[in-house]
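> sequence and computational prediction follow.
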Amino acid sequence: MPCLNGGTCIMKNNTFECLCTSQFTGYQCETNQATLDQCSFTSCFNNGTCYTSDNATYCYCPTGTTGRYCEDRLPLNPCVSSPCYSDGICVPNNGTFRCLCSADRIGEFCEKYSVSHPCASGPCLNNAHCFGVNNNTDFYCYCGYDRTGRFCEEEIVYNPCANSPCLNNGSCVTVNDTFRCVCSPATTGYYCELNQTFDLCRFSPCYHGGTCYTIKQDHIGCICPSKTTGYYCEEVLSEFNRCESNPCLNSGTCLQHENSYTCVCPSNFSGKNCETINQSQGTFICHVLLVSIIVVF
C-alpha cells in the first residue's frame with residue numbers, strides 16, 4: 001500500500017491520493033504533524049537545521065558552530081588553508097598563525113629564499129623555476145618547453161623540419177607549428193614514403209598483339225606487328241584488311257584477324273560469309289510464300 005501511517009488510498013485518474021489521519025500529512029502520509037509543530041517553535045541559529053527524534057527537537061549545526069541551538073561559534077583554525085610555502089610548518093597563534101620555515105627559506109609565508117641560498121638572487125629568467133642542487137651550493141633552472149640555457153635566457157624556436165621527416169628526397173616545408181612534405185615525382189604519402197611508379201602498360205592498351213613499352217613515367221608507346229599501324233596499333237593496313245571488301249552477307253559483321261576474318265551473322269543466317277539461311281527460318285519463308293501464292297491464285 002502506498003499510503004503510510006494508516007492513510008487511506010483512493011484511485012484518481014490513473015494515480016492515487018492518500019487521505020491521512022489527523023496526526024500525519026504528506027503525499028504518502030509520511031510526516032508526523034507533531035514533528036512539524038515542534039520545529040515550528042524551535043529556532044536554530046547560524047543556519048542550523050531543526051530535526052526531531054523521539055518527539056524531541058535538535059539542531060544540526062554547520063561547520064564552525066556549536067551549542068544546543070548552534071548559537072556558539074567555534075574559533076577558526078587559521079592553518080586549515082596551509083598558508084606556508086616550501087614545506088613551512090603552520091602554527092596557530094591567538095586567532096592567527098605563523099610559519100616555521102626551513103633553513104633555506106625566510107618570509108612570513110616562507111616564500112623567499114634565505115640570503116645564503118643560491119636561488120636567492122633570482123638567477124633564472126623568463127619565469128623559470130629555480131632549484132638548489134648539490135646541498136644548495138649551486139642552482140638549476142627549470143625552463144619549460146620554450147626556453148633553454150643555464151638561466152633560461154635563450155628562446156627555443158621550434159622547427160618541425162629539423163629532423164628531416166620527409167623520405168625519398170622529399171622537401172620539408174614549415175606550416176605554422178607543423179610541416180608538409182613536397183614529394184619528388186615518383187613518390188607520394190604524408191612523408192613521401194610511398195612509391196608512385198605506375199605501370200601504364202599493365203592494362204594492355206595495344207591492339208592486334210602490339211607490344212607496350214614505357215617512354216617516360218606518364219607516356220607509353222606500342223610496337224605494332226606487321227600489317228597494323230596507329231598509336232595503339234588499332235588500324236590494319238588496307239592491303240591486309242580482309243574486311244575491306246565487305247565479305248559478310250546479309251548484314252553480317254566482319255571481324256579482322258591477322259591473316260583472316262570472321263563473320264558474325266544475324267540469328268537467321270549462318271555460314272562463313274552468312275550466306276546460308278537457317279533451315280527453320282527458310283521453312284517459315286517458304287510457308288509464307290506458299291500461302292501467298294494460294295491466296296493470289
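That came in fine, so what should we check first?

> the strand or helix carrying C263 - contacts with which helices or strands?
Assessed by DSSP states H and E, C263 sits inside strand 261-264. When contacts are defined as 3 or more CB pairs under 8 Å, 6 or more residues apart in numbering; DSSP states H and E, strand 261-264 sits against strand 253-256. In short, each C-beta sits where N, CA and C put it, glycine included.

> what strands flank the strand it packs on, and is each parallel or antiparallel?
Counting by DSSP bridges, the strands paired with strand 253-256 are strand 261-264 (antiparallel).

> returning to that earlier point: quick check: next helix or strand after the strand holding C263?
The helix or strand immediately downstream of strand 261-264 is strand 269-270, counting by DSSP H and E.

> tell me the buried residues in the strand holding C263?
Under the neighbour-count criterion of 16 or more other CB atoms under 10 Å, strand 261-264 has Y261, C263 buried.

> now swap in stretch 225-244 and tell me
Neighbour counts using 16+ other CB under 10 Å place K227, T228, Y232, C233, V236, R242, C243 of stretch 225-244 among the buried residues.

> tell me the contacts of the nearest residue to S204 once chain neighbours are set aside?
Spatial nearest neighbour of S204, chain neighbours left out: C212 (6.7 Å); criterion: CB to CB, 6 or more residues apart in numbering. For C212, the contacting residues are L200, C201, S204, P205, C206, I220, G221, C222, by CB atoms under 8 Å, 6 or more residues apart in numbering.

> try it again at 7 Å.
C212 is in contact with C201, S204, P205, C206, I220, C222, counting by CB atoms under 7 Å, 6 or more residues apart in numbering.

> surely the fifth one touches C201?
Yes. Using CB atoms under 7 Å, I220 and C201 qualify as a contacting pair, with a distance of 5.8 Å.

> quick one, helices of this protein?
33-40, 279-296 (DSSP state H).

> thought V182 was touching T174?
No. Assessed by CB under 7 Å, V182 is found out of contact with T174, at 11.7 Å.

> neighbour count for the two, which is higher?
Per other CB atoms under 10 Å, whichever of V182 and T174 has more neighbours is T174, with 13 against 10.

> that one contacts C161, correct?
Yes. Using CB under 7 Å, T174 makes contact with C161 at a distance of 5.7 Å.

> grab the most central residue of this structure for me.
By CA atoms, centre = their mean, the chain has its centre lying nearest to Y190, at 18.1 Å.

> list the contacts of stretch 76-91.
The contact list for stretch 76-91, computed with CB under 7 Å, 6+ apart, reads 64, 92, 95-102, 105, 109-111.

> pLDDT weak spots in the stretch 51-200 of the chain?
Confidence mapping of the stretch 51-200 of the chain against pLDDT under 70 gives the ranges 196-198.
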